[in-house]
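Enquirer: Show me the folded form of this:
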Amino acid sequence: MTRPTDAPALPSPPADAAEPGAPAVPELSIVIPAYNEAHKIAKDVAAAAQFLIEQRMSGEVIVSDDGSRDGTADVARATAVPAGVELHVIAAERNRGKGAAVRAGMTAARGTFVMFADSGVCIPYEQALRGLALLKAGKCEVAHASRKRQDSVIINPQPFHRRVFSRVFRVAANWVLRLPHGLTDTQCGFKMYAGDVARAVYGELRTDGFLFDLETILRAIRRGYRIAEFPVTWSCDPDTRLHAGRTAVRTVAELRAIKRYLGEGTKDAGGTASAAPRPPSS
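Expert: Sure thing, here's the model as predicted:
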């Protein structure tokens, strides 16, 4: 992995209190974007909170509800969390898209480190420790889980039609945006950041739809941030909000919009992204 000579250093943790009485800065903020997830959001919140307690980390769980019609936000608010874990619920008045929900949560997060995880607990939260290790060691400013690494374990794979769509999508995204060749999985919903990096990148995000990941990757690289990937154990959640037909049409429009947002001269940033070393066998 290489780093541009003008790349910024890993941001220092924010001060615990800007003034007397100010709340302490949590070590980790966990953002969970949600849309019509009333049937499983309580499980998501409980899993995230339990992870923080087990790791003895100060933290906050932020549910960012994207205008759900099934009471997702109310269920999230009613979910009990252990003492020492903060729970916040952001409820959008209307459905705008996953990118908008993640942006709302990430920019509201106060943590020294910030992550988002898709609803459904497709990846056990303890595997976030791999990404945190990379961030804390100063090896990157952004850490992505990758289902495509050879050392990742897939318990329940995607259906065939979703795998085909994923391959076509990757070709189209590379062709339109010239993504960095070192990244194997841009769409995995388990991404971690140094806190100030997350707030800066998502503060610039304009994509409201599901391709927001691509815009954040390119904005991070333009800022000189390093991106690393780490392996995970992943199980496909069949309860998806993506439908191949409608998604294919939106994909073309969003790719064009992202290119427009970033300017016609989108830079090929190959070499600023890499995979994390293979972890020791357990």
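
Enquirer: switch to C-alpha atoms for all contacts and neighbour counts from now on
Expert: Will do.

Enquirer: tell me the strands in the protein, going along the chain?
Expert: 28-34, 59-65, 85-91, 113-117, 142-146, 153-156, 190-194, 227-231, 233-235, 273-275 (DSSP state E).

Enquirer: Export these as CSV, with columns for mean pLDDT.
Expert: CSV is the format used below for the strands of the chain (pLDDT from 0 to 100):
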stretch, mean pLDDT
strand 28-34, 98
strand 59-65, 98
strand 85-91, 98
strand 113-117, 98
strand 142-146, 98
strand 153-156, 92
strand 190-194, 98
strand 227-231, 97
strand 233-235, 94
strand 273-275, 55
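
Enquirer: can I get the ones you listed in a markdown table with mean neighbour count and distance to M106?
Expert: Compiled in a markdown table, these are given as follows (neighbours: other C-alpha atoms under 10 Å; distance: least, C-alpha to C-alpha, whole Å):
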| stretch | mean neighbour count | distance to M106 |
| --- | --- | --- |
| strand 28-34 | 28 | 7 |
| strand 59-65 | 28 | 9 |
| strand 85-91 | 19 | 11 |
| strand 113-117 | 26 | 7 |
| strand 142-146 | 29 | 13 |
| strand 153-156 | 14 | 27 |
| strand 190-194 | 25 | 10 |
| strand 227-231 | 26 | 17 |
| strand 233-235 | 18 | 23 |
| strand 273-275 | 22 | 22 |
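
Enquirer: Show the contacting residues for K139.
Expert: Applying C-alpha atoms under 8 Å, 6 or more residues apart in numbering to K139 gives the contacts R226, A228.

Enquirer: Try it again at 7 Å.
Expert: Applying C-alpha atoms under 7 Å, 6 or more residues apart in numbering to K139 gives no contacts.

Enquirer: related to what we said a few turns ago, mind putting the strands of the chain in CSV, distance to H181 included?
Expert: Converted to CSV, the strands of the chain look like this (distance: least, C-alpha to C-alpha, whole Å):
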stretch, distance to H181
strand 28-34, 27
strand 59-65, 31
strand 85-91, 35
strand 113-117, 23
strand 142-146, 14
strand 153-156, 22
strand 190-194, 18
strand 227-231, 12
strand 233-235, 23
strand 273-275, 8
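
Enquirer: Those: which one's closest to L183?
Expert: Across those, L183 has its closest neighbour in strand 273-275 (6.1 Å, C-alpha to C-alpha).

Enquirer: For F51, list the residues it contacts.
Expert: Neighbouring residues of F51 by C-alpha under 7 Å, 6+ apart: Y125, E126.

Enquirer: Relative to G224, how far out is it?
Expert: 31 Å (C-alpha to C-alpha, to the nearest Å).

Enquirer: okay, and for the stretch 1-150 of the chain, where does confidence drop off?
Expert: Residues of the stretch 1-150 of the chain that meet the criterion pLDDT under 70 lie in 1-22.

Enquirer: how about a cut-off of 80?
Expert: Applying pLDDT under 80 to the stretch 1-150 of the chain flags residues 1-23.

Enquirer: Which parts of it are helices?
Expert: In the stretch 1-150 of the chain, the segments counted as helices under DSSP state H, counting those that start in this stretch are 41-54, 72-78, 98-108, 128-136.

Enquirer: Can you tell me which of the ones you listed is most buried?
Expert: Neighbour counts (mean count of other C-alpha atoms under 10 Å) averaged over each of the helices of the stretch 1-150 of the chain peak at helix 98-108, with a mean of 24.

Enquirer: Now that one - C-alpha only, PDB.
Expert: Output in PDB follows, covering the C-alpha atoms of helix 98-108 (Å, rounded to 0.1, in the frame of the first residue of the first chain):
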ATOM      1  CA  LYS A  98     -29.700   4.700   1.800                       C
ATOM      2  CA  GLY A  99     -27.000   7.300   1.100                       C
ATOM      3  CA  ALA A 100     -29.100  10.000   2.700                       C
ATOM      4  CA  ALA A 101     -29.700   7.800   5.800                       C
ATOM      5  CA  VAL A 102     -26.000   6.900   6.200                       C
ATOM      6  CA  ARG A 103     -25.000  10.500   5.700                       C
ATOM      7  CA  ALA A 104     -27.400  11.700   8.400                       C
ATOM      8  CA  GLY A 105     -26.000   9.200  10.900                       C
ATOM      9  CA  MET A 106     -22.300   9.600  10.000                       C
ATOM     10  CA  THR A 107     -22.400  13.400  10.200                       C
ATOM     11  CA  ALA A 108     -24.200  13.200  13.600                       C
END
